[in-house]
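**Student:** Return atomic coordinates for the entry below.
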Amino acid sequence: MNDLVIRQATPADAEAMHALIQAHLDEGHLLPRPIDDLRGHAARFTVCEIGDRVMACGELAPLSPSVAEVRSLVVARDTRRAGLAGKVVAEIRRRAAAAGYQSLCAFTHDPRFFVRQDFSIVPHVWLPEKISTDCLACPLFRRCQQYAMLLPLDHLPRYGAADRTVAAVA
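**Tutor:** Have a look, this model is predicted:
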């Protein structure tokens, strides 16, 4: 994958992003996104290209001045498990921090991927921005089967062997 490029999407990417999202809709993993919505919000998306083909995408969707959401994270079926979703989320995380957001959230049926990206499972009520923006209008409100995931962007680095200073023993 030497020809892999991670970049901000443009309106010209809307067709490819729509096709990816539509394929996942058929699998029951995502909510639908009209193509005009994708064109209008293209600058909020990060895409992963291999060659000239968009193989993954994800949106940095603002919920408030301090909270943004990873939304419509999709990887093409033939490149799943190649690390593309992690690369897209890393770029979304970088863009969110650069834009001054204090935290990044995601809602998912399977939290394992986001846990590997350092997100934590939290109660939905910890994200009132999401509830007021999207959840109140959802027919599954109060019966949601998705996990709320949260990543503080101003958190301290993880502790570990690489973080320790070792004193020389004389």
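**Student:** shaky segments in the protein?
**Tutor:** 1-2, 28-29, 139-140, 155-170 (pLDDT under 70).
**Student:** Let's see that with 90 instead.
**Tutor:** Scanning the chain for pLDDT under 90 picks out the ranges 1-4, 22-34, 51-52, 76-83, 109-110, 124-146, 154-170.
**Student:** residue ranges for the strands of it, please.
**Tutor:** Assigned strands in the chain, in chain order: 4-8, 45-50, 53-62, 67-75, 103-108, 120-122, 147-152 (criterion: DSSP state E).
**Student:** now those strands in CSV, with distance to residue 39 and mean neighbour count?
**Tutor:** Glycine gets a C-beta too; all of them are placed from N, C-alpha and C. As requested, the strands of the chain are exported to CSV (distance: least, CB to CB, whole Å; neighbours: other CB atoms under 10 Å):
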stretch, distance to residue 39, mean neighbour count
strand 4-8, 14, 14
strand 45-50, 10, 22
strand 53-62, 13, 22
strand 67-75, 13, 24
strand 103-108, 23, 22
strand 120-122, 32, 13
strand 147-152, 27, 19
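**Student:** Save these as CSV, and put in distance to residue 32 too.
**Tutor:** Formatted as CSV, the strands of the chain follow (distance: least, CB to CB, whole Å):
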stretch, distance to residue 32
strand 4-8, 23
strand 45-50, 16
strand 53-62, 14
strand 67-75, 10
strand 103-108, 15
strand 120-122, 26
strand 147-152, 21
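**Student:** So which of these is nearest residue 31?
**Tutor:** With CB to CB as the measure, strand 67-75 is the member of the strands of the chain nearest residue 31 (8.1 Å).
**Student:** Pull the distance from that closest one to the chain's centre.
**Tutor:** A distance of 3 Å separates the centroid of the chain from that of strand 67-75, by CA atoms, centre = their mean, to the nearest Å.
**Student:** do stretch 147-155 as well
**Tutor:** 11 Å.
**Student:** which residues are contacting that stretch?
**Tutor:** By CB atoms under 8 Å, 6 or more residues apart in numbering, the surrounding residues in contact with stretch 147-155 are 93, 96-97, 101-111, 114-115, 117-124, 126-127, 130.
**Student:** returning to that earlier point: out of the strands of the chain, nearest to residue 23?
**Tutor:** Among the strands of the chain, the nearest to residue 23 by CB to CB is strand 67-75 (7.7 Å).
**Student:** Adjacent strands (with direction) for that closest one?
**Tutor:** When pairing is defined by DSSP bridges, strand 67-75 lines up against strand 53-62 (antiparallel), strand 103-108 (parallel).
**Student:** quick one: the residue nearest the centre of the chain from residue 52, how far?
**Tutor:** Centre of the chain computed as the mean C-alpha position; nearest residue by CA atoms, centre = their mean is residue 70, 3.0 Å away. Distance of residue 70 to residue 52, given as CB to CB, to the nearest Å: 25 Å.
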